[in-house]
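**Student:** starting from these lines, generate the structure:
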Amino acid sequence: MALNTRELVLEMLQEIIVRQEYSHLVIRQVLDKHNYLREEEKSFIKRVCVGTLEHLIQIDYVLNQFSKVKVNKMKPIIRNILRMSVYQLLYMDAVPDSAVCNEAVKLAEKKKFTQLKGFVNGVLRTIARQKEEICYPQEQEGEAEYLSILYSMPRFLVEMWLKTYDVDTLKRILHGLLEERPVTIRIDETLSSEAKKELLASMEACGIAVQLHPYLPYAYEVKNMTGVSTLPGFAEGEVMIQDVSSMLAVQAAGIREHDHILDVCAAPGGKSLHMACKLRGTGLVEALDVSDYKVNMIQENIDRMGYHNITASVEDATRQQSTRIQSADIVLADVPCSGLGVIAKKSDIKYRVTEQSLTEITVLQKAIIHNVQAYVKPGGILLYSTCTIHDTENEEMIRWIQEQYPFELESIDPYIDEVLQSETTARGYLQILPDIHQADGFFLARLRRKRS
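**Tutor:** Just a heads-up that it's a prediction; the model follows:
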């Protein structure tokens, strides 16, 4: 690999770790800007950046074993050169160890740290020689520390989840949060079987591997896709990139033709458009979000899909609109959350979240629910969802809603595949867990407003 690719990775890590930029945005911007690079170069850049972030806690643990200067005392640039190099040494067999060490030294020199070349070289070559002898925490010495280092998850999150899940279940969840999630598409349900067959054949003719997802008949996992814009059917509005968890939330709403639906935290609009599709050209979906930027994202998707029974407008869900009181058959509240269920796609989430932020987010969620629950007609549905696996934002929030407002949980079993049905889905909610389910971590609950 040419030196400039590693320099790009270093710059990306500086943006994400030091300047606290969002990883998925930084990666997208860099790859778009350097689209002229060969596919293998872009793949290398993405893998080293994402992999370093995913395994950061474990990498730092290893560095602290081999470096007299502890990670938190290092210069930020040197720290990130070492981190990305250790990731390559431990997780990328195709890259020769000598090349990793040499390129790290060159990078340190290029970044004006000539006096630290020997330090970088010494630490990395020692790790390369002794990587089979690295001492990791043992499970019997403490589950929280063991799981934290093994799966590079902040210890306070591991301790929090150990209160909810048994160790074996948590191991599967943590493993799932390190696994790359496949891209999932939703094919327009209104397409005829012949049109759908032709669309799938067009994808396969482009070298795209397409596989039906087990949970929904219109959901497919795709591989070898070079870009969204080149995906057959995308420009025509026949295909939407959407995780199956998101589709399940819409499925559980039980939409009927002519329903009036409010999606109160709608951007980027995947669920809103899915609901409009289920209305079969009838009814109305109002997709609402807090800023022009977010609403423009939704509108772009509406224009591409060509639906006429959906609108997008700016509206702050923390401010109740009196004109909307008891106006909607369904209110979808996919509220802002900690995002712990999508760490596999946005690995920097686990380093941003704090115990304080987990408390603060529930305050915001309650403020939104207080306002938007009033928009549901008597007998109507409030569909609550999050992309997290934090019970305070999920199960506890559902209990709070039922205590505070005239809603009761209603079974979602009539709307989901048998493989997902359980005691909790019969009661009215589903917690989707990474690795245990074939989808992002997600929570959804169906609540019906009492008529009296």
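**Student:** can we go C-alpha only for contacts and neighbour counts from here?
**Tutor:** OK.
**Student:** which residues of the stretch 101-250 of the chain score low on pLDDT?
**Tutor:** Along the stretch 101-250 of the chain, no part satisfies pLDDT under 70.
**Student:** which helix in the chain has the most residues?
**Tutor:** If you go by DSSP state H, the chain has its longest helix at helix 355-372.
**Student:** surely E109 meets G118?
**Tutor:** No - using Cα atoms under 8 Å, E109 is not in contact with G118; the gap is 10.3 Å.
**Student:** if I've got this straight, I185 is in a strand?
**Tutor:** Yes - residue state for I185 (DSSP: H, G, I helix; E, B strand; the rest coil) corresponds to a strand.
**Student:** and the spatially closest residue to D329 that is not a sequence neighbour, how far from I401?
**Tutor:** Nearest in space to D329, with sequence neighbours left out and distances taken as Cα to Cα, 6 or more residues apart in numbering, is G380 at 4.8 Å. Applying Cα to Cα, to the nearest Å, the value for G380 to I401 is 15 Å.
**Student:** if we can go back for a sec, in its sheet, what does the helix or strand following the longest helix of the chain sit against?
**Tutor:** Using DSSP states H and E, the helix or strand that directly follows helix 355-372 along the chain is strand 376-386. For strand 376-386, the paired strands and their directions (DSSP bridges) read strand 328-334 (parallel), strand 442-449 (antiparallel).
**Student:** what average pLDDT does the shortest one get?
**Tutor:** This points to strand 328-334. For strand 328-334, mean pLDDT is 98.
**Student:** relative to helix 355-372, how tilted is it?
**Tutor:** For strand 328-334 against helix 355-372, the angle by axes from the mean of the first three to the mean of the last three Cα atoms, to 10 degrees is 170 degrees.
**Student:** got a list of contacts for strand 328-334?
**Tutor:** Strand 328-334 has contacts (Cα atoms under 8 Å, 6 or more residues apart in numbering) with 253, 255, 259-266, 369, 372-373, 375-377, 379-386.
**Student:** which stretches in this protein count as strands?
**Tutor:** 183-187, 209-212, 219-223, 239-241, 260-263, 284-289, 310-314, 328-334, 376-386, 407-409, 429-432, 442-449 (DSSP state E).
**Student:** and the first one, what does it pack onto?
**Tutor:** Right, the one you point to is strand 183-187. Other elements packing on strand 183-187 under the criterion 3 or more Cα pairs under 8 Å, 6 or more residues apart in numbering; DSSP states H and E are strand 219-223, strand 239-241.
**Student:** over to the third one?
**Tutor:** For strand 219-223, the helices and strands in contact under the criterion 3+ Cα pairs under 8 Å, 6+ apart are strand 183-187, strand 209-212.
**Student:** export those to TSV and tack on distance to L150 and mean neighbour count?
**Tutor:** Listed next are the helices and strands packed on strand 219-223 as TSV, based on distance: least, Cα to Cα, whole Å; neighbours: other Cα atoms under 10 Å:
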stretch	distance to L150	mean neighbour count
strand 183-187	26	21
strand 209-212	32	15
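**Student:** reformat those as JSON lines; add distance to K223.
**Tutor:** Shown next, in JSON lines, are those (distance: least, Cα to Cα, whole Å):
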{"stretch": "strand 183-187", "distance to K223": "7"}
{"stretch": "strand 209-212", "distance to K223": "5"}
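**Student:** before we move on, the earlier item: burial of the residue nearest to D329, as a residue count?
**Tutor:** Residues near G380, counting by other Cα atoms under 10 Å, number 21.
**Student:** identify the residues contacting it.
**Tutor:** Listed by Cα under 8 Å, 6+ apart, the contact partners of G380 are 328-330, 448-449.
**Student:** relative to G122, how far out is the closest residue in space to E221 that isn't next to it in sequence?
**Tutor:** Closest residue to E221 in three dimensions, ignoring its sequence neighbours and counting by Cα to Cα, 6+ apart: T184, at 4.5 Å. Computed as Cα to Cα, the T184 to G122 distance reads 44 Å.
**Student:** again, but for I173
**Tutor:** The spacing between I173 and G122, counted by Cα to Cα, is 36 Å.
**Student:** more neighbours: which of those two?
**Tutor:** Between I173 and G122, I173 has the larger neighbour count (other Cα under 10 Å), namely 23 against 16.
**Student:** from the centroid of the protein, which residue is nearest?
**Tutor:** Geometric centre of the chain, nearest residue: V342, 2.8 Å, by Cα atoms, centre = their mean.
**Student:** what's I208 in contact with, if anything?
**Tutor:** 222-225.
**Student:** any idea how far stretch 99-109 is from the middle of the chain?
**Tutor:** Relative to the mean C-alpha coordinate of its chain, stretch 99-109 is positioned 33 Å out (Cα atoms, centre = their mean, to the nearest Å).
**Student:** ok, back up a step: show the buried residues in the contacts of I208.
**Tutor:** Buried members of these, scored by 16 or more other Cα atoms under 10 Å, are 222, 225.
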